[in-house]
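Just need the structure, nothing else, for what follows:
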Amino acid sequence: MKYMPTYDQVIIMDLGLKSQYGHLIDLMINASIWAEKVTVNNEDYYFLDYGKIIEELPTVVNSKPRITKIVSDLRDLKIVKTINKGRSNWFKVDKDLTKYWGKNNKNKEYKTMLKNKFNHSGNGTVIVQETERSGNGTFRKRNDKGGNHSGNGTVIVQETESINQPTNKPTNNKPTIERERSKKSKNKNMVLPKIADVVTYAESRNASHIAKPFFDYFDASEKNGRWYDSFGNPVKNWKQKFISWQSRDKNNFAETVEAETQGGRFEL
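Sure, this is the predicted structure:
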């Protein structure tokens, strides 16, 4: 069999799915042509042959994990039903969906079917609810919005645990806070000090003799309301720069600063 890529665009759009989902559904609806069949509880299932699917849809699904993901989504949306026999997976497509697939009679009955079976109004969003019981005795209720597959919606999964399980879980929004702080710090420029500010700070550090050379040097680099160091980088904290200057204040450092400032830029 060589599959001719096609699918029911109306149904796929109504279900809010991507085209690759439509191609796989169409191939699965025609599984009687290419897949092995098994009957379980009077229902026909077909063997999920990954190799065959990749062979027929090489440009649509080209890996087993991708097929598994799509089939899992379709199962959550109740479009397909799957069973396991041994190490093999078998599937069947919903018979009501198959009834309208490729047909032009998208009538009121079709809309009613979408709403009743898929909780769908035909506007690109499917909501499927499942209640499962896990191994530890808790219940989980899942709400999946199939609109995520159309590119214009989202998938929301909500889990409701049993009443003896805590439901309020702390939200770690630290990364968001850090990003906001970082954004604010980037947008906030250093307030340029006046000579009096530098002198006052220098006196508090017993380094008043380098206050004026320090101020004159950086004030000369001022551009667009910012100071710049010898590497051309904007000064973010002038007090830290002052401390760096002070740390080099040895062996008549003030005279050295004055001489190098007059002869050219002082390199830190």
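
Helices along the chain, start to end?
Taking DSSP state H, the helices of the chain run over residues 9-15, 19-29, 31-34, 50-56, 64-76, 95-100, 108-118, 174-187, 195-204, 211-220, 238-247, 253-263.

Just send the ones you listed back as JSON lines, with mean pLDDT, mean neighbour count and distance to Arg226 too.
C-betas here are computed from N, CA, C, even on glycine. What follows is the helices of the chain, written out as JSON lines (pLDDT from 0 to 100; neighbours: other Cβ atoms under 10 Å; distance: least, Cβ to Cβ, whole Å):
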{"stretch": "helix 9-15", "mean pLDDT": "83", "mean neighbour count": "19", "distance to Arg226": "54"}
{"stretch": "helix 19-29", "mean pLDDT": "89", "mean neighbour count": "21", "distance to Arg226": "52"}
{"stretch": "helix 31-34", "mean pLDDT": "88", "mean neighbour count": "15", "distance to Arg226": "68"}
{"stretch": "helix 50-56", "mean pLDDT": "89", "mean neighbour count": "17", "distance to Arg226": "59"}
{"stretch": "helix 64-76", "mean pLDDT": "91", "mean neighbour count": "17", "distance to Arg226": "51"}
{"stretch": "helix 95-100", "mean pLDDT": "84", "mean neighbour count": "15", "distance to Arg226": "64"}
{"stretch": "helix 108-118", "mean pLDDT": "79", "mean neighbour count": "14", "distance to Arg226": "59"}
{"stretch": "helix 174-187", "mean pLDDT": "56", "mean neighbour count": "9", "distance to Arg226": "13"}
{"stretch": "helix 195-204", "mean pLDDT": "94", "mean neighbour count": "15", "distance to Arg226": "16"}
{"stretch": "helix 211-220", "mean pLDDT": "91", "mean neighbour count": "19", "distance to Arg226": "10"}
{"stretch": "helix 238-247", "mean pLDDT": "89", "mean neighbour count": "15", "distance to Arg226": "11"}
{"stretch": "helix 253-263", "mean pLDDT": "54", "mean neighbour count": "14", "distance to Arg226": "19"}
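
As JSON lines, those with distance to Val40 would be great.
Below are those laid out as JSON lines (distance: least, Cβ to Cβ, whole Å):
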{"stretch": "helix 9-15", "distance to Val40": "26"}
{"stretch": "helix 19-29", "distance to Val40": "17"}
{"stretch": "helix 31-34", "distance to Val40": "15"}
{"stretch": "helix 50-56", "distance to Val40": "20"}
{"stretch": "helix 64-76", "distance to Val40": "16"}
{"stretch": "helix 95-100", "distance to Val40": "15"}
{"stretch": "helix 108-118", "distance to Val40": "21"}
{"stretch": "helix 174-187", "distance to Val40": "48"}
{"stretch": "helix 195-204", "distance to Val40": "83"}
{"stretch": "helix 211-220", "distance to Val40": "82"}
{"stretch": "helix 238-247", "distance to Val40": "74"}
{"stretch": "helix 253-263", "distance to Val40": "89"}
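
which stretch among those helices comes nearest Ser230?
Proximity to Ser230, assessed across the helices of the chain by Cβ to Cβ, is greatest for helix 211-220 (9.2 Å).

and that closest one, what does it pack onto?
Packing partners of helix 211-220 (3 or more Cβ pairs under 8 Å, 6 or more residues apart in numbering; DSSP states H and E): helix 195-204, helix 238-247, helix 253-263.

any idea how far Arg66 is from Pro58?
As judged by Cβ to Cβ, to the nearest Å, Pro58 and Arg66 stand 12 Å apart.

And Asn41, by the same measure?
Asn41 is 30 Å from Arg66, where distance means Cβ to Cβ.

Burial check on Arg248, number of neighbours?
For Arg248, the count of nearby residues is 13 (other Cβ atoms under 10 Å).

Identify the bridge partners of the nearest residue to Val40 once chain neighbours are set aside.
Spatial nearest neighbour of Val40, excluding adjacent residues (Cβ to Cβ, 6 or more residues apart in numbering): Ile83 at 6.3 Å. Following DSSP bridges, Ile83 is listed with bridge partners Trp90.

OK, contacts around Ile83?
When contacts are counted by Cβ atoms under 8 Å, 6 or more residues apart in numbering, Ile83 touches 40, 45, 89-91.
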